[in-house]
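Asker: Dropping a prediction and its sequence here:
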Amino acid sequence: MNIGIIIGSHRKDSQSAKVGRFLSTLLTTQFGADTWTRDLGADPLPLWDEEIWSDGPQWEPLKLLSAQLTQSDGLIVVAPEWHGMAPAAIKNFFLCIGMPELAHKPAVACAVSAGEGGAYVIAELRMSSYKNNRLCWLPEHLIARSVKAICNADTTLNDADLQAAFGMRAHYALTLLLAYAKALKPIREDTQIDHTQFMNGM
Ligand SMILES: Cc1cc2nc3c(=O)[nH]c(=O)nc-3n(C[C@H](O)[C@H](O)[C@H](O)COP(=O)(O)O)c2cc1C
């Protein structure tokens with residue numbers, strides 16, 4: 001299985017990227033999956049503009065990301081809560097990336113908060129990201145709360161209880177992600193899908 005991890009923070013060295021690395025390691029070491037990561041803080045996309053439709057030069061690098069997404073079987077989106085919202089970088093990602101890449105693929109949303117927040121990001125992603133691209137959010141999601149105390153490469157920085165709880169949740173969510181990835185593959189090959197007549201969702 002090939003799983004893409006999208007980091008939705010604008011910060012170049014973000015806590016979200018740290019959580020993404022933890023989830024990537026879990027996927028490769030515990031599940032034998034292949035992963036790749038696009039960090040929208042360290043390697044941002046341009047803000048959406050109309051030249052995306054006419055091959056404007058600023059959109060050339062999008063082709064690589066598009067190819068990576070097309071080849072992937074599933075996705076993890078890691079995004080911090082900023083002022084009770086998902087940051088613009090991840091909203092922009094969903095403006096720039098569409099159906100051929102994401103349609104009928106499973107995705108786990110993982111929110112990040114330095115405190116006890118994160119629920120707004122999950123609600124926002126579930127509400128407004130998938131209508132036209134037909135990404136399938138799993139009913140199971142993750143929230144990396146008290147993020148500075150978990151997922152650190154230097155494990156002495158972790159709070160043992162918080163790390164154990166998040167680690168168990170993450171393992172469970174990734175187990176389901178891979179199960180959904182397997183189950184949805186034949187759906188994508190099903191000829192009943194009609195993106196010509198029903199290009200956009202309602
Ligand atoms: C502009 C900004 C707004 C924030 N607003 C929230 C918030 O609404 N809720 C919350 O739990 N944390 C909030 N935080 C704290 C973040 O949870 C914390 O900085 C976290 O590390 C951000 O993840 P990142 O490093 O991946 O960007 C905010 C941080 C920033 C920079």
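Answerer: Now that the structure is in, tell me what you want to look at.

Asker: how much space between the nearest residue to Pro46 once chain neighbours are set aside and the ligand?
Answerer: Excluding the flanking residues, the one nearest Pro46 by C-beta to C-beta, 6 or more residues apart in numbering is Gln58, at 4.8 Å. C-beta coordinates here come from the backbone N, C-alpha and C atoms, glycine included. Between Gln58 and the ligand the computed distance is 24 Å (C-beta to the nearest ligand atom, to the nearest Å).

Asker: show me the contacts for Gln58.
Answerer: 46, 49, 51 (C-beta atoms under 8 Å, 6 or more residues apart in numbering).

Asker: Repeat that for Leu75.
Answerer: 3-6, 69, 102, 105-108, 135.

Asker: Secondary structure class of whatever residue of the chain ends up closest to the ligand, three-state.
Answerer: Closest residue of the chain to the ligand, C-beta to the nearest ligand atom: Gly117 (2.3 Å). Recorded secondary structure, Gly117: coil (DSSP: H, G, I helix; E, B strand; the rest coil).

Asker: so what's it scoring on pLDDT?
Answerer: In this model, Gly117 is scored at 98, pLDDT.

Asker: How about the contacts made by it?
Answerer: 81, 84, 111, 145.

Asker: now with 10 Å?
Answerer: By C-beta atoms under 10 Å, 6 or more residues apart in numbering, the contact set of Gly117 is 80-84, 111, 143, 145.

Asker: TSV for the contacts of Gln58, including neighbour count and secondary structure?
Answerer: Listed next are the contacts of Gln58 as TSV, based on neighbours: other C-beta atoms under 10 Å; DSSP: H, G, I helix; E, B strand; the rest coil:
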residue	neighbour count	secondary structure
Pro46	14	coil
Asp49	12	coil
Glu51	12	helix
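
Asker: Return only those of these found close to the ligand.
Answerer: Among the contacts of Gln58, none lies close to the ligand by the criterion of C-beta under 6 Å from any ligand atom.

Asker: quick one: which of the residues you listed is nearest Thr156?
Answerer: Within the contacts of Gln58, distances to Thr156 taken as C-beta to C-beta reach their minimum at Pro46, with 39.7 Å.

Asker: which residues are in contact with the least confident helix or strand in the chain by mean pLDDT?
Answerer: None of the helices or strands of the chain scores lower by mean pLDDT, DSSP states H and E than helix 99-102, at a mean of 93. With C-beta under 10 Å, 6+ apart as the test, helix 99-102 has contacts from 4, 65-72, 75, 94, 129-130, 132-136, 193, 195, 199-201.

Asker: neighbouring strands for whichever helix or strand comes after that helix, and are they parallel or not?
Answerer: Proceeding N to C from helix 99-102, the next assigned helix or strand is strand 106-112, under DSSP states H and E. When pairs are called by DSSP bridges, strand 106-112 turns out to pair with strand 74-80 (parallel), strand 136-137 (parallel), strand 142-144 (parallel).
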